[in-house]
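*Asks:* Got a sequence here, can you build the structure:
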Amino acid sequence: MDAHPHARHPLPGPAQSTYASDPPPGPLDIANPADCLALVRHTFGGLPQESLIVIGLLDGCTGGHMRIDLQPALQEPFTCARLIADCLAGEGSSPAPEAAMLMLIGDEAPSQTQDEAWRCCLEALRIVLEAEYCVRIVQTWFLAADHVRDPLCADPACCGLPGRGIGELRIPTLGGLPNGLPGREPAPLEKAAATFLQRAPVADTRVEALLADLRTGNAAHPLPEPRQLRHRLQAWDLALARAAAAPQQGRCIDAEAPRSEDQTATPEEPLAQAQNLIKLLEQLHTGFERDLLIPLATLGLDHAMAGLRHREGHLVSPPERAEAAMLQRYAASFLGETRSRPDWQRVDGLEAVLNALVPYARGVEREHLLCLMAWIEWARGRGTAAGSFIDRCLSEFPDNELSRIIERLMQLKGVCLWARTKQHSWSWTRTTGRTTGPSPD
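*Replies:* Predicted coordinates:
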């Protein structure tokens with residue numbers, strides 16, 4: 001299940017969008033199947049298989065995207081309809097869409113039996129969205145195998161079974177990324193893990209050799225454990241701050257400031273990089289230390305330190321009010337239930353740092369890196385991407401517990417509460433250009 005609470009694709013008409021936006025590539029026509037296919041492909045990195053997609057519309061722009069697996073929607077249409085409606089227009093969705101476009105995508109060739117089942121699902125969505133949430137369904141497309149049609153179109157020559165062949169359509173390519181930044185079309189979400197690993201930097205052989213020496217030395221002369229934990233958290237906090245402050249592309253996690261193009265590396269730089277990397281990698285040696293990175297990224301160093309103090313038993317009993325409040329938010333951050341916006345810029349920074357660690361992570365370090373990425377994608381509301389990381393992690397590390405917990409969370413809770421609350425969500429923050437730091441309680 002994927003939830004994208006906000007996007008910025010202008011639709012025809014004089015209405016002015018209340019959302020921040022760059023100059024659009026041109027208006028989209030939801031009555032044009034080619035434009036709708038382009039929008040879905042652009043939003044999800046491709047045309048998802050066996051999916052029900054709902055796109056909210058508000059003030060002439062798309063204003064919320066959701067994808068769920070098609071088969072559960074066909075088997076329990078009203079249950080899925082209420083889940084979709086609640087995510088799209090329920091509590092926390094403000095500004096809620098006024099209308100919606102639907103697309104059902106299946107692999108089987110069009111047939112009368114398929115048409116009847118899909119129409120039942122459409123009717124359930126219409127009843128729930130229109131009657132209970134005042135969201136009108138203004139356009140529906142059925143995409144079966146390589147044919148697309150409007151099931152509500154009265155012209156049999158246009159939209160009778162099997163529909164128009166996809167090959168007949170001129171599907172445009174939408175410029176830029178869903179967040180309004182320039183770039184290529186996003187990669188399919190089901191390939192998120194493979195894409196993440198492929199874009200990781202190539203390992204520096206000098207740094208690898210130094211890391212091997214440092215691993216041996218640290219094992220032979222360990223610091224007291226509480227002191228090590230604090231040092232590592234501080235190193236991670238600095239790395240996240242630097243990554244969050246860097247441009248979207250080419251973030252740097254080196255211990256030293258990044259060099260300009262005309263500067264050459266000094267002999268000391270590989271050692272400094274290796275010393276910084278070993279601190280970051282050692283944070284991935286245990287589940288508890290790995291988990292500290294979640295409140296560290298979403299809430300900040302003070303909350304992570306509060307969790308560490310609680311673990312070490314250094315808190316007075318009962319804790320002071322401020323400390324107790326931090327501990328509550330610390331605990332809530334793992335489920336995305338802080339009821340405030342997390343620091344998405346630092347969460348993006350966490351992804352950047354983890355990506356830079358890929359070529360140097362070994363064994364349990366790689367295991368914890370992959371399952372952290374699954375959590376990040378679930379928190380963002382991108383269930384398909386989270387599933388990609390879960391599958392990759394469990395294929396390499398079948399006993400990984402966090403991946404199975406996230407998988408269960410997706411089954412029980414569906415979309416993370418941060419993603420369901422539009423103004424707390426990752427995609428809303430990115431597309432509106434709002435402050436990415438955590439929102440106040």
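
*Asks:* how near is Leu335 to Ile406?
*Replies:* 11 Å (C-beta to C-beta, to the nearest Å). In this view, the C-beta of every residue, glycine as well, is placed from N, C-alpha and C.

*Asks:* Those two - which one has more neighbours?
*Replies:* The neighbour comparison of Leu335 against Ile406 (other C-beta atoms under 10 Å) goes to Ile406, with 24 against 15.

*Asks:* which residues sit in contact with the more buried one?
*Replies:* Neighbour list for Ile406: 371, 374-375, 378, 386, 390 [criterion: C-beta atoms under 8 Å, 6 or more residues apart in numbering].

*Asks:* Need the residue in the chain that's farthest from the chain's center.
*Replies:* The centre of the chain is farthest from one residue, Ala157, which by C-alpha atoms, centre = their mean lies 41.0 Å away.

*Asks:* Any chance you could list what contacts the helix or strand hosting it?
*Replies:* Using DSSP states H and E, Ala157 sits in helix 156-159. With C-beta under 8 Å, 6+ apart as the contact definition, helix 156-159 has outside contacts at 149-151, 153, 164.

*Asks:* Domain ranges for the protein, per the record?
*Replies:* Following automatic domain parsing, one gets these domains for the chain: 2-186, 191-258+266-432.

*Asks:* Now render those as a markdown table, adding mean pLDDT.
*Replies:* What follows is the domains of the chain, written out as a markdown table (pLDDT from 0 to 100):
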| stretch | mean pLDDT |
| --- | --- |
| domain 2-186 | 81 |
| domain 191-258+266-432 | 88 |
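
*Asks:* Which ones among the contacts of Ile406 map onto helices?
*Replies:* Assigned to helices by DSSP state H, the following of the contacts of Ile406 qualify: 371, 374-375, 378, 386, 390.

*Asks:* out of the residues you listed, which one sits closest to Arg321?
*Replies:* Trp375 (29.2 Å; C-beta to C-beta).

*Asks:* what about the nearest residue to the closest one once chain neighbours are set aside, which helix or strand?
*Replies:* The shortest distance from Trp375 to any residue other than its chain neighbours is 5.8 Å, reached at Ile406 (C-beta to C-beta, 6 or more residues apart in numbering). Using DSSP H and E, Ile406 maps to helix 401-412.

*Asks:* Gln139 and Pro33: what is the separation?
*Replies:* The gap separating Gln139 from Pro33 is 10 Å, by C-beta to C-beta.

*Asks:* likewise Trp344?
*Replies:* For Trp344, the distance to Pro33 equals 34 Å [C-beta to C-beta].

*Asks:* Same question for the top helix by length along the chain: list its buried residues.
*Replies:* Secondary structure of the chain read by DSSP H shows that its longest helix is helix 225-245. Within helix 225-245, the residues that count as buried by 16 or more other C-beta atoms under 10 Å are 228-229, 232-233, 235-240, 242-244.

*Asks:* now whichever helix or strand comes after it, how far from the centre of its chain.
*Replies:* Note on helix 225-245: by DSSP H and E, the next helix or strand toward the C-terminus is helix 268-282. Chain-centre distance of helix 268-282: 29 Å, with C-alpha atoms, centre = their mean, to the nearest Å.

*Asks:* list the helices and strands helix 268-282 packs on?
*Replies:* The helices and strands touching helix 268-282, judged by 3 or more C-beta pairs under 8 Å, 6 or more residues apart in numbering; DSSP states H and E, are helix 205-220, helix 225-245, helix 344-357.

*Asks:* can we see that at 10 Å?
*Replies:* Here helix 268-282 touches helix 205-220, helix 225-245, helix 344-357, helix 364-380, going by 3 or more C-beta pairs under 10 Å, 6 or more residues apart in numbering; DSSP states H and E.

*Asks:* Do a quick rundown of the helices in the stretch 51-200 of the chain.
*Replies:* 70-75, 77-89, 112-126, 133, 156-159, 192-198 (DSSP state H, counting those that start in this stretch).

*Asks:* Name the residues that touch the third one?
*Replies:* Applying C-beta atoms under 10 Å, 6 or more residues apart in numbering, the set of residues contacting helix 112-126 from outside is 52, 54, 70, 73-82, 84-85, 100, 102, 104, 106, 108, 110-111, 135-137, 140, 142, 144-145, 149, 151-152, 161-162.

*Asks:* got the angle for that helix vs helix 77-89?
*Replies:* Per axes from the mean of the first three to the mean of the last three C-alpha atoms, to 10 degrees, the angle that helix 112-126 makes with helix 77-89 is 50 degrees.

*Asks:* then helix 112-126 to PDB, C-alphas only?
*Replies:* The C-alpha coordinates for helix 112-126 follow below in PDB (Å, rounded to 0.1, in the frame of the first residue of the first chain):
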ATOM      1  CA  GLN A 112     -17.300  -9.600 -18.900                       C
ATOM      2  CA  THR A 113     -16.600 -11.400 -15.600                       C
ATOM      3  CA  GLN A 114     -13.700  -9.100 -14.900                       C
ATOM      4  CA  ASP A 115     -15.800  -6.100 -15.800                       C
ATOM      5  CA  GLU A 116     -18.600  -7.000 -13.400                       C
ATOM      6  CA  ALA A 117     -16.100  -7.600 -10.500                       C
ATOM      7  CA  TRP A 118     -14.300  -4.300 -11.200                       C
ATOM      8  CA  ARG A 119     -17.700  -2.400 -11.400                       C
ATOM      9  CA  CYS A 120     -18.600  -3.800  -7.900                       C
ATOM     10  CA  CYS A 121     -15.400  -2.400  -6.500                       C
ATOM     11  CA  LEU A 122     -16.000   1.000  -8.300                       C
ATOM     12  CA  GLU A 123     -19.600   1.200  -6.900                       C
ATOM     13  CA  ALA A 124     -18.300   0.500  -3.300                       C
ATOM     14  CA  LEU A 125     -15.800   3.400  -3.700                       C
ATOM     15  CA  ARG A 126     -18.500   5.700  -5.100                       C
END
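
*Asks:* Which positions within it qualify as buried?
*Replies:* Buried-residue list, helix 112-126, by 16+ other C-beta under 10 Å: 114-115, 117-118, 121-122, 124-126.

*Asks:* How about the second one?
*Replies:* By neighbour count, and taking 16+ other C-beta under 10 Å as the criterion, the buried residues in helix 77-89 are 77, 80-89.
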